[in-house]
Every structure is written in C-alpha cells, then in structure tokens.
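*Asks:* just the structure for this:
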Amino acid sequence: MQKVFILTISALLFSSCASKPEDETRSSSPNVVMIFVDDLGYADIGAYGATAYKTPELDKLAGEGVLFTDFYVSQPVCSASRSSLLTGSYANRIGIHGALGPGNTHGINPAETTMAELFKSKEYATAIFGKWHLGHLPEFLPTEHGFDRYYGIPYSNDMWPFHPENPKAWVDLPTIEGTEVVGYNTDQSRFTSDFTARAVDFIGEQAAAGTPFFLYLAHPMPHVPLAVSEERAGASGAGLFGDVIQEIDWSVGQVLKALKDAGVEDNTLVMFASDNGPWLSYGNHAGSALPLREGKGTAFDGGIRVPFIARWPEVIPAGLRVSAPAMTIDVFPTMAELIGAPLPELPIDGRSIWKLMNGTSTESAQEAYYFYYNQNELHAMRSGQWKLNFPHSYRTMKGQTPGKDGIPGKYDYSAIVGLELFNLDSDISESIDVSSQHPDVVERLTHLADAKRAELGDALRGIEGTANREPGRHVSETAN
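*Replies:* From the prediction side, this is the model:
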C-alpha cells in the first residue's frame, strides 16, 4: 500500500542539519544494517561485561564506533519491542502488545510506515532475514511493509510442537520466503548461519549494482530453544548459551567482512541491539542483565535496557560512549534525518538521536521515556538519571529454582512494586527507593506520566487514551 508523507519542518531541518556528514566523497544515501537479536541480556557481550566467552567482533564494533550505556526498548517482550523499532512509535500507540503467535489474526497496520518503507521512499533496496513477529498472515508479512526480500520465521522460534511448557499450544514453525512457506523446522541449528549467508549475499548484490540498501538481520537467537551450527558447537567452552552468543558474534564479523569486501564499509552505518532482556527462568539457557534488576517481562532495567552499538567509519567517532537515555523509537527518525526522508503523516514518538551517535551532543533527545507492558499497563518511566516505577505486580525468579538445559524454572508472579523512585546514576540496580527524599521529582514525573496516560492510556488506571491506533486486522476478522 502506498503511504502518504508530509514534509515537516523537522524533516526540512534534517536535510540541512550541521550534524550530517559534510564529506563530499561520501554518498548522501548511506547503506544501513540493523542487526537485532532476541533475548540478549545487557551483560551478554564482552563490551558490556561478559567474561565467560569472547565476542571479539562485537567488541571491535564498539571500539570503532559508539556504545550506548542507557539504551532502552519500549516493552520487554518480542512483538511490542520490534514494532517500536520499525515504526518509531510506542507499541501501544499502534496496537501491538505482547508476543504475537500462530493463533493471532492481527498484525502491523498497513497505515503505519515501517523503517523499510522509509528507506523505500528514497529508492533503497530493502531486505529482512530472520525473525519478523509482527503478524504471520500474508497481509502482515514484511514484503507487504516495504521489504523487497524476506526469508525467515514469522514469530518466535519456541512456537512449535516441542515447547517444554505447553506443547499443545503451538504449531509447526514455518520458514517463509516472501509470502510462501518453504519449509518447517524441527532443527534450528542453521538459523544463525543461514540468515547470515542471505545477508552477506544481499550486501554483495546491492554493492555490485551500486544500489543503497537497508538490511535488517533479525536473529532468532539467543531466544530458547537454543541451537548452534555444528561448525561452532562447543567452541566457547561456556556451554550452549556461550556457543550461541559466539555464533552471533561470528555473524556480525561476516557482515562486516562482506561490507569491506564489497567496498562499501566506509559508507555503511551498522547498528546492533537486542529486543529485550534475558528470559531468566531458563537458567543456564538464559543470559545475564547484571548489574541491572530482573529481566525479560519486567519494566525494571534488566528487562528493558539493552546493548546498542553503532559504527560508521570516520562519521561516528571511534570509542565514543553515550550515557544519555535513548530508545529504539528514536532509531526511525534518526534514519529519516540521515537519508533526508520526510517523517510519516501519522504521529510517531521517537526523536532523532543522531547528535548523540556522532558525539555532537550529550543531551537526551527526549524529556522522558515510558515503559508499558501487559496489555497497555504503564509500569515505569525514565527521565535523566531518574527511574519512577508505578505500583504494579511483576514476575521474579528471586527465591525460585532456576531452569536448566532448556527446561524453565517457575516464576513467582506475586512480587509487587509500589510508587518507587530510583537514581540510576548511583543505584543502577534499582534497589534503593528515594521517593521520600525527592518528592519534587516524583511530582514532576507523575505529571508527565499523567499526560502520557491521557494520550496512550493505562490499563492500571482504567484510562483508554485518545491517540491509540488499531493494529491491522485480518480481512475475515474485520468482516465479522
């Protein structure tokens, strides 16, 4: 479907922005590679503290570019998180909640503009290899939302008959090319290597044709069930989880090598991030978010703060570290700025973080970020060094027996957090409530939160919101 764009004042400013590269030898249409992995924790790569195994390619990427220490996803769960990355909107604004599965008949609305469509508006070639998870029916697949090519799985890799918790709830996991099912998977060991091979081929083809490209490499790993190729099994010396992470690191290296071999390395922005924190109930098959609190499925930082690395040689300063808060919703408008594309007609929530990425600013692009979960419940927000948690229940593995070898432990769902304020500059683990010492901060953030509730809703308060949009509905569903 064609999208209607308007050229906003901000987009006009983007095209002449002083932070845009001025080197006339560089193309005004940089290639962009977004590598997005699944359930990788904050401390699961070397540049963020992992020590049990090595991630030399990712560490090198961080050393040659920028590393964000306080980068967030909008929600600590798959589909919602991915929708925010690809549209620049809070997931609840566009009606995507939780993790869509084979039983869902809705997906991303065709009225929304995806990042692929943003790039298509500037005549880029676009491709996604890996996990989609924004609707599995044909009208919701990537090729209907701006991607020229798609090869991968439509939802999470645990949605198949052998899920250890509830086998009857899932169906065979299909592999899709374009809109056609080309196979079903009981062996996932080739996922990372096969999706990498597709990515490498795409880079070579587009570079040879002289076509600017946007590549979205969305690895299903390290989401359970873990699987690694035979070539790299046992290589980490740190069990299956370490092997899986090292294979992801290998994949990053293959992509970087392909860019260099194709002669487009210097005109390509490469970004790496995770969709949420680690699934802690899986024990030795889960990663780590330490020293952050909790993990996937919670609005504590262990669930929503993730690695974010970006490299563009001689444009992004090597070794840059950014501590200002930022979020995946900001990537979309950042790309619009870089390629001179107008923003979509429908409102989005992100703001460009290009000045943070290139080191010309240290100020957060937004006054506050909001963290929703569990069907539009506002659980927390971040503003500067402050994190305010609103009263809600959450799941925790504290005091529980951890899972082992792919069989999960059981969460305690009775944990409760009140209206609690944390100073993340001095208390990264969100362990000391300082709300009584800073009532002015609580009042200011509560005022901001109330305004966001009026706009996007809050099921905990019974507020529906005035600016929420519907997801796409399957045609048979809308006919009923």
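*Asks:* how about A467, nearest residue that isn't a chain neighbour?
*Replies:* Leaving out its chain neighbours, the residue that sits closest to A467 by C-beta to C-beta, 6 or more residues apart in numbering is E455, at 4.7 Å. Bear in mind the C-beta positions are built from the backbone N, C-alpha and C, glycine included.
*Asks:* what's the answer for Q375, then?
*Replies:* With C-beta to C-beta, 6+ apart, the residue lying closest to Q375 is H97, at 5.2 Å.
*Asks:* then A227?
*Replies:* Computed as C-beta to C-beta, 6+ apart, the closest residue to A227 that is not its neighbour in sequence is Q188, at 3.9 Å.
*Asks:* and the one you found, how close does it get to D158?
*Replies:* Counting by C-beta to C-beta, to the nearest Å, the gap from Q188 to D158 is 10 Å.
*Asks:* hey, what's in contact with both of the two?
*Replies:* Common neighbours of Q188 and D158, using C-beta atoms under 8 Å, 6 or more residues apart in numbering, are P225.
*Asks:* helix, strand or coil for the closest residue to M271 other than its chain neighbours?
*Replies:* What sits nearest to M271 in space, not counting adjacent residues and going by C-beta to C-beta, 6+ apart, is A310, at 4.6 Å. With DSSP: H, G, I helix; E, B strand; the rest coil as the basis, the three-state label of A310 is strand.
*Asks:* hmm, A310 is touching F71, no?
*Replies:* No. Counting by C-beta atoms under 8 Å, A310 does not reach F71; the two are 10.0 Å apart.
*Asks:* by contact count, what packs against the longest helix anywhere in the chain?
*Replies:* Selection of the longest helix in the chain by residue count, based on DSSP state H, yields helix 239-261. Secondary structure elements in contact with helix 239-261, counted by 3 or more C-beta pairs under 8 Å, 6 or more residues apart in numbering; DSSP states H and E, are strand 31-37, helix 56-63, helix 191-209, strand 268-274.
*Asks:* please name the nearest non-neighbouring residue to the residue nearest to the spatial centre of the chain.
*Replies:* Among the residues of the chain, the smallest C-alpha distance to the mean C-alpha position (C-alpha atoms, centre = their mean) belongs to D275, namely 3.5 Å. Take D275 and drop its neighbours on the chain: the residue closest to it by C-beta to C-beta, 6+ apart is S81, 4.3 Å away.
*Asks:* so after whatever helix or strand that neighbour lives in, what's the next helix or strand?
*Replies:* Taking DSSP states H and E as the definition, S81 sits inside helix 78-87. The element immediately downstream of helix 78-87 (helix or strand, assigned by DSSP H and E) is strand 106-107.
*Asks:* strands paired with that next one, and their directions?
*Replies:* Here strand 106-107 is paired, per DSSP bridges, with strand 472-473 (antiparallel).
*Asks:* give me the contact list for the strand it pairs with.
*Replies:* Contacts of strand 472-473 with the rest of the structure, by C-beta under 8 Å, 6+ apart, involve T105, H106, G107, I108, N109, P110, G135, E139, F140.
*Asks:* and for stretch 248-265?
*Replies:* For stretch 248-265, contacts defined as C-beta under 8 Å, 6+ apart pick out 31, 33, 35, 37, 40, 45, 54-58, 61, 192-193, 195-196, 199-200, 203-204, 207-208, 217, 219, 221-222, 232, 268, 270, 272, 313.
*Asks:* mind listing what's buried in it?
*Replies:* Of all the residues in stretch 248-265, those buried under the rule 16 or more other C-beta atoms under 10 Å are 248-256, 258-259, 262, 264-265.
*Asks:* mean confidence for that stretch?
*Replies:* Per-residue confidence for stretch 248-265 averages out to 98 on the pLDDT scale.
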